[in-house]
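Novice: need the 3D shape of this:
(chains A, B, C and D)
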Number of protein chains: 2
Amino acid sequence: MPRAGLSRDAVVRIALEQVDAGGPTGLADLTLAKVAASAGVATPSLYKHVGSLAALRRHVALVALEELTTASAAATVGRAGPDALRALAHAWRAYASAHPGRYAAVQLAPDPEAAEDAEHRTAAARVVALVGAVLHGFDLPDDRTIDAVRVVRAGVHGFVVLELGGGFRLPEDLDRSFDALVDMLVTGVTALADAPSSPDPQEQP
Amino acid sequence: MPRAGLSRDAVVRIALEQVDAGGPTGLADLTLAKVAASAGVATPSLYKHVGSLAALRRHVALVALEELTTASAAATVGRAGPDALRALAHAWRAYASAHPGRYAAVQLAPDPEAAEDAEHRTAAARVVALVGAVLHGFDLPDDRTIDAVRVVRAGVHGFVVLELGGGFRLPEDLDRSFDALVDMLVTGVTALADAPSSPDPQEQP
DNA sequence: ACCGTTGGCTAACAGTATTAGCTTGTTGGC
DNA sequence: GCCAACAAGCTAATACTGTTAGCCAACGGT
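Specialist: Here you go, the predicted model:
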């Protein structure tokens, strides 16, 4: 009996197909049994390549994070300021819309301690660093860029999550609502650049 | 042998305890076996009260939605405009922070078709209606309040989800970042009230 | 006091991940 | 070219899930 010739990458590739096929819940529905069946192999054989189901999910998350990073970088290259921020937000939503299952994997937070999550951590750090780089063109005071990055992430991530999860009832006008959000982010970040850096609302005469 | 004297509400109550005990992943870790053990009953007995694990999750979601609605209503009563919006956002985050597991249940979208999700649908509609009511004080044009509601929901939900999921690395200054988000939402919604209602960026002289 | 309803039980089935241990194909060293 | 070591598959088994079927006894109303 010949052997299947699997590898870790091959297993991850099959897992990605399965995640993509499952829509927004594709990641949750990912199962070793189905991956093994699709690979033409018995379930325990996968452990020669993957370690565990959770590890396989982490590998999927890694791919998704890298794809999201390169897509965002490609969309924002050559742009700066509001232009770059708009492009970033739209690239983000476009990726989530094109790959709902993979975007769900992006949400998986890496363990801040575990050694085997090191790659995952740096990939996650890379994508938020990209957001920081895009916001660099706004001339924010140093102690405010963290707030700006968080606000931007929260806004577009929240919108995308609600959209994918069916949280918005009427499918119509979603584009316009997203545009409204992006406008708000742009003006909000520029306002943050002009705001005082002290947390207290003390006016500076 | 005496009987345990369970009821649907009792089962849901135990499920809520279990969800609360599990932190942000409490809902995902909810299991009929553990609920039954905690109730001192065999697992299949629960089916006399609940229907399925998914149904139990829906009941948990219902409770969470109702709690979130009443908490939000209590926080915004007697307030209007920016004041009300700020109170709503903080109440939302406070509830998620106090009950991470239950807040995860809020994210469960009800099936738009299924008859048994009717209660769930109306509960979900009620909480977004409350957001709409809070925004009423901003004098938004009719076709813009949908956008405003969505933007507000996306912003605070996104922040809360990232915070609970450990998406923000540094635990410090989270309050200030959230304040920045809320400020942005307030100015963004007021700006939306003054914006033209036509989707095209045609200036109106 | 009976008798139907209801809430519990056990048994069984179909899934899931995971570990242990075996066998066999492949490949590197001499 | 052979042989040993390693790698990649397998089966068997364990321990969990949820779920259905069918039985039996406790409770409540007449």
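
Novice: low-confidence ranges, chain A, go.
Specialist: Within chain A, the segments meeting pLDDT under 70 span A:1-2, A:196-205.

Novice: one more pass at 90, please.
Specialist: Residues of chain A that meet the criterion pLDDT under 90 lie in A:1-5, A:112-116, A:169-172, A:193-205.

Novice: spell out which residues of it are next to chain B.
Specialist: Taking C-beta under 8 Å from any C-beta of the partner chain, the part of chain A that reaches chain B is made up of A:107, A:109, A:112, A:125, A:144, A:146-148, A:150-151, A:153-159, A:161-162, A:165-170, A:173, A:176-177, A:180-181, A:183-185, A:187-188, A:191-192, A:199. The way it works is simple: take the backbone N, C-alpha and C, and place the C-beta from them, glycine included.

Novice: out of these, which are buried?
Specialist: A:107, A:109, A:144, A:146-148, A:150-151, A:153-159, A:161-162, A:167-168, A:173, A:177, A:180-181, A:183-185, A:188, A:192 (16 or more other C-beta atoms under 10 Å in any protein chain shown).

Novice: with adjacent residues omitted, what lies nearest to A:Leu68?
Specialist: If the residues on either side of it in the chain are set aside, A:Leu68 comes closest to A:Tyr95, at 5.4 Å by C-beta to C-beta, 6 or more residues apart in numbering or on different chains.

Novice: number of residues surrounding the one you found?
Specialist: 22 (other C-beta atoms under 10 Å in any protein chain shown).

Novice: show me what contacts it?
Specialist: A:67-68, A:71-72, A:102-103 (C-beta atoms under 8 Å, 6 or more residues apart in numbering or on different chains).

Novice: dump those to TSV, plus secondary structure and neighbour count.
Specialist: Converted to TSV, the contacts of A:Tyr95 look like this (DSSP: H, G, I helix; E, B strand; the rest coil; neighbours: other C-beta atoms under 10 Å in any protein chain shown):
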residue	secondary structure	neighbour count
A:Glu67	helix	17
A:Leu68	helix	23
A:Ala71	helix	17
A:Ser72	helix	24
A:Arg102	helix	22
A:Tyr103	helix	25
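
Novice: closest one of those residues to DNA strand C?
Specialist: Nearest to DNA strand C, judged by C-beta to the nearest atom of the strand, of the contacts of A:Tyr95 is A:Arg102 at 18.1 Å.

Novice: now the helices: where do they sit in chain A?
Specialist: Applying DSSP state H to chain A gives helices spanning A:8-21, A:32-39, A:53-76, A:81-98, A:100-106, A:118-135, A:142-164, A:174-194.

Novice: nearest approach to B:Leu85 belongs to which of those helices?
Specialist: Proximity to B:Leu85 (C-beta to C-beta) singles out helix A:174-194 among the helices of chain A, at 13.0 Å.

Novice: same for that closest one, what does it pack against?
Specialist: helix A:81-98, helix A:142-164, helix B:142-164, helix B:174-194 (3 or more C-beta pairs under 8 Å, 6 or more residues apart in numbering or on different chains; DSSP states H and E).

Novice: which one of those lies closest to DNA strand C?
Specialist: Using C-beta to the nearest atom of the strand, the helices and strands packed on helix A:174-194 put helix A:142-164 closest to DNA strand C, at 22.7 Å.

Novice: what helices and strands are in contact with that closest one?
Specialist: helix A:81-98, helix A:100-106, helix A:118-135, helix A:174-194, helix B:142-164, helix B:174-194.

Novice: any chance of JSON lines for those, columns distance to DNA strand C?
Specialist: Output for those, formatted as JSON lines (distance: least, C-beta to the nearest atom of the strand, whole Å):
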{"stretch": "helix A:81-98", "distance to DNA strand C": "24"}
{"stretch": "helix A:100-106", "distance to DNA strand C": "15"}
{"stretch": "helix A:118-135", "distance to DNA strand C": "17"}
{"stretch": "helix A:174-194", "distance to DNA strand C": "34"}
{"stretch": "helix B:142-164", "distance to DNA strand C": "24"}
{"stretch": "helix B:174-194", "distance to DNA strand C": "32"}
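
Novice: find the closest residue to chain B in chain A.
Specialist: As assessed by C-beta to the nearest C-beta, chain B sits closest to A:Gly158 within chain A, at 2.2 Å.

Novice: do I have it right that that residue meets B:Val151?
Specialist: No. With contacts counted by C-beta atoms under 8 Å, A:Gly158 stays clear of B:Val151, the gap being 9.2 Å.

Novice: contacts only, for the most centrally placed residue in chain A.
Specialist: Centroid check for chain A by C-alpha atoms, centre = their mean gives A:Val106 as the closest residue, at 4.2 Å. Contacts for A:Val106 (C-beta under 8 Å, 6+ apart) come out as A:61, A:64-65, A:68, A:127.

Novice: would you mind naming what in chain A lies close to DNA strand D?
Specialist: Residues of chain A lying close to DNA strand D by C-beta under 7 Å from any atom of the strand are A:1, A:3-7, A:40-42, A:44-45, A:48-49.

Novice: so A:Ile146 is in contact with B:Leu174, correct?
Specialist: No. With contacts counted by C-beta under 8 Å, A:Ile146 stays clear of B:Leu174, the gap being 9.9 Å.
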